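Novice: Kindly return the folded structure for what I paste below:
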Amino acid sequence: MNTTILLTACINPLGMLFTELQDVELRKKHYIEAILFYLQNTSFNIVFCNNSGEDISLEVKELITSKEFSRLEFISYSGNNYEKHLGKGYGEFEIIKKAVLSSTFINQSKYVLKITGRYIADDIESVVKISNVVTNWKPNRIYVDYSDKYKSADARCFYACKEFLKYFVSQENSVNDNNKFYFEHLFYQVLFDSSRYENSRFYITTSFVYMGDLISGISGTLGSSFFSRKYSSTEKLRLLKNYCKTEIQRETNLCGLIWKKTIFYILRILNFYKSQSRK
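Specialist: Now for the predicted structure:
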């Protein structure tokens, strides 16, 4: 399998700093719902990595077929006993590290689609696959929403080659929520720190639809609900065309440039015929 989903989890936050949603049963319910969603709405294998020790594999097994269960890998360990002032972002780094170093599925995959385990990412497989068509000539791709202004990268949902994740988790875990240095800051720093020569091996971009627009759920930090953005087929076509334009401007490889321009002009033709059909 080329891509594996990694669902990061902390079923029992044990009073973690800046974590409003502490209800263990509710959190577990969200995690199980998310597992079922990705089983039913993607073809990817799924790794569920929980750092508070609970094993929910038997509960999930009762709800699905044996074929579906074969797509799941559960990793549970007691890793939530660090100093609480460091915050949940510190634990998130360690969860990813545990999964990358321990998972059979991830070891067999080239890419990992990391999603915060209680969140639902609508239409995520098609967004990744369509983006991959455009960036086909680029090895070691990373799709992530980021802000240069705030030096922050959205860690709720991102797509990255396994080699980058191995490199990422080999770095020092300097996350400290109490000092306002969050996981998102460390993630951005490792992605874009020009002093790290290894970064030249990775192609960092976004997906054609921002991944942050695809997710919905209840924020663990605030305890409030947020919802995904719904795009029409016309809007997706426009976004994809703009994505191609941006990728064309970045392309340095001749074959890659020809490939991206071909896709762009095909999209222009499709857009033309679609506009004519509405008249």
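
Novice: now the stretch 101-250 of the chain, which segments are flagged as low pLDDT?
Specialist: Applying pLDDT under 70 to the stretch 101-250 of the chain flags residues 194-199.

Novice: how about the helices in it?
Specialist: Taking DSSP state H, counting those that start in this stretch as the criterion, the stretch 101-250 of the chain carries its helices at 104-108, 124-134, 162-169, 183-192, 233-250.

Novice: For these, give me JSON lines that also has mean neighbour count and distance to Y143.
Specialist: To be clear about C-beta, it is placed using only N, CA and C from the backbone, and glycine gets the same treatment. Converted to JSON lines, those look like this (neighbours: other CB atoms under 10 Å; distance: least, CB to CB, whole Å):
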{"stretch": "helix 104-108", "mean neighbour count": "16", "distance to Y143": "17"}
{"stretch": "helix 124-134", "mean neighbour count": "19", "distance to Y143": "6"}
{"stretch": "helix 162-169", "mean neighbour count": "18", "distance to Y143": "11"}
{"stretch": "helix 183-192", "mean neighbour count": "20", "distance to Y143": "12"}
{"stretch": "helix 233-250", "mean neighbour count": "16", "distance to Y143": "11"}
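
Novice: Ok, which of these comes nearest G89?
Specialist: Nearest of the helices of the stretch 101-250 of the chain to G89, taken as CB to CB: helix 183-192 at 3.1 Å.

Novice: can you give me the angle the closest one makes with helix 162-169?
Specialist: 120 degrees (axes from the mean of the first three to the mean of the last three CA atoms, to 10 degrees).

Novice: what helices or strands is helix 183-192 leaning on?
Specialist: Identification of packing neighbours for helix 183-192 by 3 or more CB pairs under 8 Å, 6 or more residues apart in numbering; DSSP states H and E yields helix 88-102, strand 146-147, strand 152-153, helix 162-169.

Novice: now these as a markdown table including distance to S126?
Specialist: Putting those into a markdown table (distance: least, CB to CB, whole Å) gives the following:
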| stretch | distance to S126 |
| --- | --- |
| helix 88-102 | 24 |
| strand 146-147 | 22 |
| strand 152-153 | 23 |
| helix 162-169 | 22 |
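
Novice: Just name the most buried of those.
Specialist: Highest mean neighbour count of the helices and strands packed on helix 183-192: helix 88-102, a mean of 22 (counted as mean count of other CB atoms under 10 Å).

Novice: for the residue nearest to D123 when sequence neighbours are not counted, what are its contacts?
Specialist: Excluding the flanking residues, the one nearest D123 by CB to CB, 6 or more residues apart in numbering is L214, at 6.3 Å. Neighbouring residues of L214 by CB atoms under 8 Å, 6 or more residues apart in numbering: 121-124, 127, 157, 228-229.

Novice: Present those as CSV; the columns should include distance to T8.
Specialist: Listed next are those as CSV, based on distance: CB to CB, whole Å:
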residue, distance to T8
A121, 13
D122, 19
D123, 21
I124, 15
V127, 20
C157, 11
S228, 19
R229, 23
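
Novice: List buried residues within those.
Specialist: Neighbour-count burial (16 or more other CB atoms under 10 Å) is assigned, among the contacts of L214, to 121-124, 127, 157, 228.

Novice: among these, which are in strands?
Specialist: Those of the buried ones among the contacts of L214 mapping onto strands are 121, 157, per DSSP state E.

Novice: Let me know how buried S207 is, in neighbour terms.
Specialist: Look at S207: counted by other CB atoms under 10 Å, it has 26 neighbours.
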